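Chemist: my questions concern the predicted model and sequence given below.
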Amino acid sequence: MPDQSPVPPIVQRVDNAPRGILMMLIAVFLFSILNVLVKVTAEDYPLTQVTFFRNAFALVPVWATVMAQGGFGSIRTARPMGHLWRSCVGLTSMTLMFWSFHLLPLADAVALNFAAPLFLTALSVPLLAEQVGIHRWSAVAVGFVGVLIIVRPSADMLNLGAIVALSAALAQSFAMIAIRQLSTSETANSIVFYFTLTTTLLSALTLPFAWRTPDLWGFALLVATGLVGGTAQLFMTRAYTMAPAAVIAPFNYASIVWAALFGWTLWHEVPDLHVVLGAAVVVASGCYILHRETLKHRAVVSGAAGED
């Protein structure tokens, strides 16, 4: 589930919940296809090469969208260093997540990535100076119990795959924080565009050290990672501009269904019961955190002072 951080809309929004949900479901499906493509290509090509193609060819749909929605004027920025930091942590998250797809069954890796909102809640206190009350701290605690259920508290709990997947979730939470900070002054198009451009340039620096010339089929798969990933990011961004996050975000958890289905169909990976139970706990805690965030936002908007 690489870099699926929602980009908060800057412009005034006219809610259309049914269409927003549809956009989110399409985005989740496309990201799930991307996960499969990454898992397949990483078996034959260096991870850094896969990452480069994922970003470079994502520029095609992203650039087309920017040109269709305001051109250069929509991506003007006065915060280049903010975009650079967001891109660095986002690229780190993406690379680690791709690696986890190679190390773990697809459903396990996706389930562990759901820890990102839990990390985000914990980090929002020192980094965003947000007030987090007992309700959300309790949800974080329950969520981490779910993570432990997935990885199992045993001698092999800290296996490489679990460490990599959880590190990807942690890096993604830093990317979400960077997006929150940028969204106070930057447009959604600029955040997506500069992330895609910067990660393309950064990942290109690794190509002289790890490159395998693809055959025609391999090249097509690598290009597809970029086109599918870029299109998925645009659909997700669009979804968040059409309906409140409380309506849209829970549908992101449909990715675990697709991951389990693709893993079973393509690699005969059947999720263990502990993965299913742990994922359910993490999803439930994430949904509750989202619920508390929504209540807090409504209180701020209405001018009411309330406890978290």
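Modeler: Nice, thanks for sending it over.
Chemist: where does pLDDT dip in the stretch 101-250 of the chain?
Modeler: The stretch 101-250 of the chain contains residues with pLDDT under 70 at 152-158, 244-247.
Chemist: in it, which spans are helices?
Modeler: Here the stretch 101-250 of the chain has its helices, by DSSP state H, counting those that start in this stretch, at 106-113, 116-128, 134-151, 160-182, 188-204, 216-242, 245-248.
Chemist: ok, and what's touching the very next helix or strand once past the last one?
Modeler: Helices and strands here follow DSSP states H and E; after helix 245-248, the next one along the chain is helix 255-267. Outside helix 255-267, the residues within contact range by Cβ atoms under 8 Å, 6 or more residues apart in numbering are 1, 28-29, 31-32, 35-36, 39, 105-107, 109-111, 114, 269-271, 279, 283. Glycine gets a C-beta too; all of them are placed from N, C-alpha and C.
Chemist: and the angle for the helix or strand following helix 255-267 with helix 106-113?
Modeler: As assigned by DSSP H and E, the chain's next helix or strand after helix 255-267 is helix 273-302. Taking axes from the mean of the first three to the mean of the last three Cα atoms, to 10 degrees, one finds helix 273-302 and helix 106-113 inclined to each other by 40 degrees.
Chemist: out of the contacts of helix 255-267, which are buried?
Modeler: Buried members of these, counted by 16 or more other Cβ atoms under 10 Å: 1, 28-29, 31-32, 35-36, 39, 105-107, 109-111, 114, 269, 271, 279, 283.
Chemist: most tightly surrounded among the helices of the stretch 101-250 of the chain?
Modeler: Looking across the helices of the stretch 101-250 of the chain with neighbours counted as mean count of other Cβ atoms under 10 Å, the highest average goes to helix 106-113: a mean of 28.
Chemist: so how far is that helix off the chain centroid?
Modeler: Between the centre of helix 106-113 and the centre of its chain there are 12 Å (Cα atoms, centre = their mean, to the nearest Å).
Chemist: and that helix, what other elements does it pack with?
Modeler: Judged by 3 or more Cβ pairs under 8 Å, 6 or more residues apart in numbering; DSSP states H and E, helix 106-113 is in contact with helix 17-41, helix 80-103, helix 134-151, helix 160-182, helix 255-267, helix 273-302.
Chemist: residues touching that helix, excluding its own?
Modeler: With Cβ under 8 Å, 6+ apart as the criterion, helix 106-113 contacts 1, 35-36, 39, 97, 100-101, 103-104, 147, 150-151, 161-162, 165-166, 168-169, 172, 255-256, 259-260, 262-263, 267, 269, 271, 275, 278-279, 282.
Chemist: and with 7 Å instead?
Modeler: If you take Cβ atoms under 7 Å, 6 or more residues apart in numbering as the criterion, helix 106-113 is touched by 1, 35, 39, 97, 100-101, 147, 150, 162, 165-166, 168-169, 255-256, 259-260, 262-263, 269, 271, 275, 278-279, 282.
Chemist: ok, stretch 142-155 next?
Modeler: With contact meaning Cβ under 7 Å, 6+ apart, stretch 142-155 is reached by 108, 111-112, 115, 118, 157, 162, 274-275, 277-279, 281-282, 285-286.
Chemist: what do you get for stretch 41-48?
Modeler: Applying Cβ under 7 Å, 6+ apart, the external contacts of stretch 41-48 come out as 50, 95, 98-99, 101-102, 203, 206, 210-212, 214, 218, 221-222, 225.
Chemist: and the two most separated of those residues?
Modeler: Farthest-apart pair in those is F101 and W211; separation 20.3 Å (Cβ to Cβ).
Chemist: okay, these two: which has more neighbours?
Modeler: Neighbours were tallied for F101 and for W211 using other Cβ atoms under 10 Å; the higher tally belongs to F101 (30 against 13).
Chemist: run through the residues that contact the more buried one.
Modeler: By Cβ under 7 Å, 6+ apart, the residues touching F101 are N35, V38, K39, A42, A109.
Chemist: ok, the first one - contacts?
Modeler: Shown here is N35, whose contacts under the criterion Cβ under 7 Å, 6+ apart are M1, F101, L106, V110, A259.
Chemist: and stretch 45-56, how far out from the chain's middle?
Modeler: For stretch 45-56, the distance to the chain centre is 17 Å (Cα atoms, centre = their mean).
Chemist: let me know the average pLDDT across that stretch.
Modeler: Mean pLDDT, computed over stretch 45-56, is 96.
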